[in-house]
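J.: coords below, sequence missing:
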């Protein structure tokens, strides 16, 4: 398996997009830390950009890479290699290189200038989790359809749903049922979107959670202890594994 | 060596394989012929596990191979149209394949020499012409000295000289007691290399016998005439 990952990584490094992505993140992080005097404010601004950019780049790059690797996979399936191995190697190759780009581009500046406090560490782990999650979703979108344009469309739709549409839906529910106690409902809805989960986890470490009212207080009481963080971590892991397993199941039965 | 039992496959509404059963033995060179869309390539892809049949069984050396992968070390495959990673160089492709198949100690690099593949060592695979890709693909199929060679329209796109080299290579391998499956539409070529002909039609076997027997049966001295006569019946 390491051999196949090695060639997937070669291929990714050759097209330089990941290097550009690293540079972009690095420039942005350093810039934000230069502009803001208060490191926790810079982390907050960084959070908003990260939550938008990381899922988008991860899902689009992974989808395009998957379709472009079709020939590579065709070549390998005629060799004595397990299909499952080919699939996981592709996944790890893409996810690890994007996660490394994030760790260098955002992780290093945050650790250097992010000040003390756990917010920076939470931001880094949320970004890495989101990278893995959206590469999983991208692979799911890619195995669902043979047509590259449709696959990329589906991937964009998923990103659009998780970044923008979902929040709208949550707002609508909260608005229409505002007469009722909605703390637990909103907590449940939060679990169904990894981007929101990441946002809340980081926000709770910065002292802006007071702005979120009762719900904020509930989140704070839940996520500020170990079980809460463990719950969030497991939820993120489930978001990585469920789409990935589903995609693998489809891939090993697919006609190439 | 290969036993196929009741293989069926449908793509949506199209029934491509319809209960195909056939056996191949060591030392045979079998030419698979049939009209376009009769299921030749699908049969080959099922053998390689690239396409999963809806039902039926495939045994190679008495082992069921569906959803297995180790057995593929016995097979060398040259596809009809070769798809290679475009950005890879020819040298890197060969190095990668050798790296993946480290289990094979003795490599057969004859075709690399005969086709002068070293000359395109530093070219990107995306920049190669169709015929050059076919040469690379042929050299890869023979490289690991497999017991079974599956060649899907091997000479389509090759220039006459290269075709001759390939045919000579096939005959040479045949003497080593290997099983060679070739699909082709060129009758004169089949006559040169194959002993047996398996004709498919609408996903099933039309006939499967030796060339000599076919000629005797139809009373024709040329293979193309004999086959035409059989197909007209």
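T.: Received, thanks. Everything numeric here is computed off the predicted structure, so don't read it as measured data.
J.: And the average pLDDT for the helix or strand residue B:133 falls within is what?
T.: Residue B:133 belongs to helix B:130-143 when elements are defined using DSSP states H and E. Here helix B:130-143 scores 92 as its mean pLDDT.
J.: That helix - contacts with which helices or strands?
T.: strand B:75-78, helix B:90-100, helix B:110-114, strand B:148-152, helix B:160-174 (3 or more C-beta pairs under 8 Å, 6 or more residues apart in numbering or on different chains; DSSP states H and E). In short, each C-beta sits where N, CA and C put it, glycine included.
J.: residues in contact with that helix?
T.: B:76-79, B:81-82, B:84, B:90, B:93-94, B:97-98, B:107-112, B:115, B:117, B:120, B:125, B:128, B:149-151, B:154, B:156-159, B:162, B:166, B:169, B:173 (C-beta atoms under 8 Å, 6 or more residues apart in numbering or on different chains).
J.: Would you show me how to pick out the buried ones of the residues you listed in PyMOL?
T.: Applying 16 or more other C-beta atoms under 10 Å in any protein chain shown to those leaves a buried subset, and the PyMOL line that selects it is:
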select buried, chain B and resi 76+77+78+79+82+84+90+93+94+97+108+111+112+115+117+120+125+128+149+150+151+154+156+157+158+162+166+169+173
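J.: which of the contacts of helix B:130-143 come close to chain A?
T.: B:77, B:79, B:84, B:97 (C-beta under 8 Å from any C-beta of the partner chain).
J.: Between all of those residues, which two are at the greatest distance?
T.: Among those, the pair separated by the greatest distance (C-beta to C-beta) is B:79 and B:97, at 14.3 Å.
J.: The closest residue to residue B:170 other than its chain neighbours: how many residues sit nearby?
T.: Once flanking residues are discounted, residue B:170 sits nearest to residue B:193: 5.0 Å by C-beta to C-beta, 6 or more residues apart in numbering or on different chains. Number of residues near residue B:193 (other C-beta atoms under 10 Å in any protein chain shown) recorded here: 21.
J.: I figured residue B:193 hits residue B:29, correct?
T.: Yes: using C-beta atoms under 8 Å, residue B:193 is in contact with residue B:29, at 5.7 Å.
J.: So for those two, which residues contact both of them?
T.: B:170, B:174, B:180, B:182.
J.: how about a markdown table for those, with neighbour count and pLDDT added?
T.: Putting these into a markdown table (neighbours: other C-beta atoms under 10 Å in any protein chain shown; pLDDT from 0 to 100) gives the following:
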| residue | neighbour count | pLDDT |
| --- | --- | --- |
| B:170 | 23 | 92 |
| B:174 | 18 | 90 |
| B:180 | 22 | 94 |
| B:182 | 23 | 93 |
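J.: Each with direction, which strands does the strand or helix carrying residue B:20 pair with?
T.: For residue B:20, the element it lies in under DSSP H and E is strand B:14-24. According to DSSP bridges, strand B:14-24 forms sheet pairs with strand B:2-11 (antiparallel).
J.: Residues contacting the partner strand, please?
T.: By C-beta under 8 Å, 6+ apart, strand B:2-11 touches A:255, B:15-24, B:39, B:42-43, B:46-47, B:51, B:53-60, B:62, B:148, B:179, B:203.
J.: Mind giving me the ChimeraX select for those, buried ones only?
T.: In ChimeraX, a selection of the buried entries from the contacts of strand B:2-11 looks like this (16+ other C-beta under 10 Å):
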select /B:15,16,17,18,20,22,24,39,42,43,46,47,51,53,56,58,59,60,148,179,203
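J.: if I pick residue B:110, what's in contact with it?
T.: Counting by C-beta under 8 Å, 6+ apart, residue B:110 has contacts B:142, B:169.
J.: hmm, try it at 10 Å
T.: B:139, B:142-143, B:165, B:169, B:172-173 (C-beta atoms under 10 Å, 6 or more residues apart in numbering or on different chains).
J.: any idea how far residue A:193 is from residue A:78?
T.: To residue A:78, residue A:193 is 40 Å away according to C-beta to C-beta, to the nearest Å.
J.: ditto for residue B:198
T.: On the measure of C-beta to C-beta, residue B:198 and residue A:78 end up 21 Å apart.
J.: Beyond the longest helix anywhere in chain A, next helix or strand please.
T.: When chain A is parsed with DSSP state H, its longest helix is helix A:39-68. Next helix or strand after helix A:39-68 toward the C-terminus (DSSP H and E): helix A:70-77.
J.: Just give me how far the helix or strand just after that following helix sits from the chain centre.
T.: Sequence-wise, the next helix or strand downstream of helix A:70-77 (DSSP H and E) is helix A:83-102. Relative to its chain's centre, helix A:83-102 lies at 14 Å (C-alpha atoms, centre = their mean, to the nearest Å).
J.: Check which helices and strands helix A:83-102 sits against.
T.: Using 3 or more C-beta pairs under 10 Å, 6 or more residues apart in numbering or on different chains; DSSP states H and E, the elements in contact with helix A:83-102 are helix A:2-14, helix A:17-35, helix A:39-68, helix A:70-77, helix A:119-144, helix A:226-253.
J.: Can you point out the buried residues in that helix?
T.: In terms of neighbour count (16+ other C-beta under 10 Å), helix A:83-102 has its buried residues at A:83, A:86-102.
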